[in-house]
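Structure for the following, please:
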Amino acid sequence: MTLTVILSVAALLLLFALLYWMNRQHYSFSARVFTALGLGLLLGGALHLLTGQDADTLDAVRDWYALAGTGYVHLLQMISMPLVFISILAALTRMDTRRNLAGTAGRVIAWLVGLTAVAALIGMASVALFGLDASQIVQGQAELERGATIAEKAATVGAQTVPQRLLELLPTNPFLDLTGARPTSTIATVIFAALLGIAYLGIADKKPAEAATFRSGVDALHAVTMRLVQLILRLTPYGVLAILASTVAATNYAAIVDLGKFVLASYAALITMLLVQLAALALSGLNPLTYLRKAAPVMLFAFSSRSSAGTLPLNIQAQREQLGVEEGTANLAGSLGISIGQNGCAGVYPAMLAFMIAPTVGINPMTPDFILTLMGVVALSSFGVAGVGGGATFAAILVLSSMNLPVALAGILISVEPLIDMGRTALNVSGSMVAGTLTSRSEGTLDRERYNGAAVAPAGD
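Prediction:
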């Protein structure tokens, strides 16, 4: 271990000690997360300057930082599938049998997919406004290799018909899906948990003793799972600091300069879509600034971790405890939002790529037919997009294949992919939280007092 690596690790541990001190001094959770964000940016910038062109040293530093950063994301991913399963099941066992579960799920999905269609339109508008064209981007060896990999993957994924894709949403082996082995595992787990819950509701009146035993077991498992979530979430500021420092240290700033126009166009579209989400809240009579203040820590973690699935525990907790969303709705919105209607990865990104690539094959993307078709394809393709790294590429393959556009050109942005993916993931998570909030608002189950009240510390913090 070199002196640079030792000093870098020591600096991280010193900042961890500062965050621990803030916790002991009862600084709020949000304050510690924002502090970790700022410290991560500064530490990452310092590491970038310190390591310079020494890739081996930087890799060694990032390996040590991954113990805290990637390790934390792994813990969140570990709990995400059990949390999806037990949260949906517990919500159903506590539900009034007169409540229309299908109606709630339908409203959540409608918001997720509807917002994604709007996100596609905004992505296209951003490309047109910035005058982007895929033929203008110079492809190096890395981009060509990435393109070849995507084309190979598209040969399998892109060949599937819409009914085949929808069929993959259904669970065949729930134990396999609980491992997250498939891109559609989250939706399959939600469906399995929902079916179990419906079965429980079916025997609640006919066999009350058995139903009570089942519910008692579910409640116990839910309590233990939520306690585990609370323990993991206590590590959030440390995870954010380590992840962001590692990401900033490894950022290719030269590539950002070369592809700066696309980066700016992407963030212009992402920010505009966030404003659309806030406008939807305002039109529903909810204060968008209150939402933004309470959702910010969750979005910041999504930004730094680049994992919608890893952010799920924070997502559901914020909906329930900060925004006043009814428990069942929060669980549905958070769980479904991992794989359906991701505004950033499945909306803005594939639409921008398709709009950029179309002129390279002689297609005019400005025609109403192309725009409406692309919006529809993006909305349909947003089902089953994985909530972990690679989800945006998967969505791009589906959209480009459906539009008969060359999928290999999706590899032209590999050098700035991590930077853009941070913003996309934050927007994905915000979209699911907004969908849950708006659904709970429309059903009259939103706790307005909690939504408008002061932010509360996470349970167990």
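
residues contacting Ser266?
Ser126, Val348, Tyr349, Met352, Ile420, Gly423, Arg424 (C-beta atoms under 8 Å, 6 or more residues apart in numbering). Quick note: C-beta positions are derived from backbone N, CA and C, even for glycine.

If we use 7 Å, what do you get?
Each residue near Ser266 by C-beta atoms under 7 Å, 6 or more residues apart in numbering is listed here: Met352, Ile420, Gly423.

of those residues, the lowest pLDDT goes to which?
Least confident by pLDDT among those: that is Ile420, with 86.

mind checking how far that one is from Val348?
9 Å (C-beta to C-beta, to the nearest Å).

Pick out whichever of the two has more residues nearby.
Legend: neighbour count by other C-beta atoms under 10 Å for Ile420 and Val348, higher for Val348 (35 against 24).

Am I right that that one is in contact with Ile271?
No: Val348 lies out of contact with Ile271 (C-beta atoms under 7 Å); the separation is 10.4 Å.

I'd guessed Ala105 sits against Asn331; true?
No: Ala105 lies out of contact with Asn331 (C-beta under 7 Å); the separation is 10.6 Å.

With neighbour numbers in mind, choose between these two.
Neighbour tally, Ala105 and Asn331, criterion other C-beta under 10 Å: the higher count belongs to Asn331, 28 against 20.

give me every residue that touches that one.
Asn331 touches Ser87, Ile88, Ala91, Ile316, counting by C-beta under 7 Å, 6+ apart.

Can you tell me, leaving aside adjacent residues, what's nearest to it?
Nearest residue to Asn331, sequence neighbours excluded (C-beta to C-beta, 6 or more residues apart in numbering): Ser87, at 3.9 Å.

which residue is nearest the middle of this structure?
For the chain, Ser308 is the residue whose C-alpha lies nearest the centre (C-alpha atoms, centre = their mean; 2.4 Å).

still on that earlier bit, the residue nearest to Asn331 should be in a helix, yeah?
Yes: Ser87 forms part of a helix when assessed by DSSP: H, G, I helix; E, B strand; the rest coil.

Now do the helix or strand Met299 falls within: which elements does it pack against?
Element membership of Met299, judged by DSSP states H and E, is helix 288-305. Helix 288-305 makes packing contacts with helix 29-51, helix 236-249, helix 260-283, helix 312-317, helix 417-443 when contacts are defined by 3 or more C-beta pairs under 7 Å, 6 or more residues apart in numbering; DSSP states H and E.

give me that answer again for 8 Å
helix 29-51, helix 236-249, helix 260-283, helix 312-317, helix 417-443, helix 448-452 (3 or more C-beta pairs under 8 Å, 6 or more residues apart in numbering; DSSP states H and E).

Dump those helices to JSON lines, plus distance to Met375.
Shown next, in JSON lines, are the helices and strands packed on helix 288-305 (distance: least, C-beta to C-beta, whole Å):
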{"stretch": "helix 29-51", "distance to Met375": "34"}
{"stretch": "helix 236-249", "distance to Met375": "32"}
{"stretch": "helix 260-283", "distance to Met375": "14"}
{"stretch": "helix 312-317", "distance to Met375": "26"}
{"stretch": "helix 417-443", "distance to Met375": "16"}
{"stretch": "helix 448-452", "distance to Met375": "31"}
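
wait, which of the ones you listed is closest to Gly131?
Closest to Gly131 of the helices and strands packed on helix 288-305, according to C-beta to C-beta: helix 260-283, at 8.2 Å.
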